[in-house]
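Visitor: Fold the following, please.
(2 chains)
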Amino acid sequence: MHFSILFTNNPIVVPPAPAGARETGAVVEFHGVVRELENGVPLLGLQYEAYEPMARRQLESIFESLQRVAPVHSVEFIHRVGWVPVGEASLYLRITASHRGEAFLFCKETIDAMKRNVPIWKTFPSKNLLTPQAGLT
Amino acid sequence: MQCEGVQIRILAFASASEQIGVRETDMEYSPADTPRQILARLCPAFDPASARVALDCDYVGWDTPVGNARELAVLPPVSGG
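Guide: This next block holds a predicted model:
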């Protein structure tokens, strides 16, 4: 299994598909996008931070564990840090595998495990609240 | 007894940094100290039940002796994605 983990302050650019994977029969992509309403509150965006060395270690452990139950060929994981405006992706995940079952399972379980244990946080600075005074229509 | 001159780096993230008042600092410590004891010295008002703790990038319990760890991180509930 090949995997790549990237944290970036910049908008996510989808990396080129891995070449020469003739055994790949399934490619599953997930884009986690910042939405305007968070718990019913309109926002301009979200601020993300990560404890990157530990996040990488946790993600590697997750990938290795999942590989035993859902073998895949490759994993591309990209997470934004810093300010992410509404409408932009904060998370990108691409899984390639021989079959869709493993690819979908690996993708879902990675995200679920990330939300339990990977040290990444989003915060909601009060200045981001969209109010009528700030131009909410 | 603390080891004179031996320091551990304390990192606090997200809401924990607001509660503790710092994002990063160094403190002298003894290998027998636990994260709970170290945080109590740094910020007596901090409630360890509000966060998890890691030593050198591994989750541990609040009452685990820090031993030779170089970095202690205070981690509120994660919310990536």
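
Visitor: can you tell me how far the residue positioned nearest the centre of chain A sits from A:V27?
Guide: Geometric centre of chain A, nearest residue: A:L91, 2.6 Å, by CA atoms, centre = their mean. Counting by CB to CB, to the nearest Å, the separation of A:L91 from A:V27 is 17 Å. For glycine as for every other residue, the C-beta is placed from the backbone atoms N, C-alpha and C.

Visitor: swap in B:V22?
Guide: On the measure of CB to CB, B:V22 and A:V27 end up 44 Å apart.

Visitor: So which bits of chain B are right by chain A?
Guide: Neighbours of chain A within chain B, by CB under 8 Å from any CB of the partner chain: B:11, B:13-15, B:54, B:57-59, B:73, B:75-76, B:78-81.

Visitor: repeat that with 7 Å
Guide: Contact residues (CB under 7 Å from any CB of the partner chain) of chain B with chain A: B:11, B:13-14, B:54, B:57, B:73, B:75-76, B:78-81.

Visitor: now, which of those residues lie within helices?
Guide: Using DSSP state H, the members of those that fall within helices are B:A14.

Visitor: For residue 42, the count of nearby residues, please.
Guide: Chain wasn't specified; assuming chain A. By other CB atoms under 10 Å in any protein chain shown, 15 other residues sit near A:P42.

Visitor: Sorry, I should have been clearer: chain B.
Guide: Using other CB under 10 Å: B:L42 sits among 17 other residues.

Visitor: residue contacts, it?
Guide: With contact set as CB atoms under 7 Å, 6 or more residues apart in numbering or on different chains, B:L42 has these partners: B:10, B:20, B:27.

Visitor: Now a PyMOL select for only the buried ones of the residues of chain B next to chain A.
Guide: To isolate the buried subset of those in PyMOL, counting by 16 or more other CB atoms under 10 Å in any protein chain shown, use the following:
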select buried, chain B and resi 11+13+14+54+57+73+75+76+78+80+81
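
Visitor: from the residues of chain B next to chain A, which is closest to chain A?
Guide: Checking those against chain A with CB to the nearest CB, the nearest one is B:G80 at 2.9 Å.

Visitor: Check the closest residue in space to the closest one that isn't next to it in sequence and give its pLDDT.
Guide: Once flanking residues are discounted, B:G80 sits nearest to A:I120: 2.9 Å by CB to CB, 6 or more residues apart in numbering or on different chains. Listed pLDDT for A:I120 reads 98.
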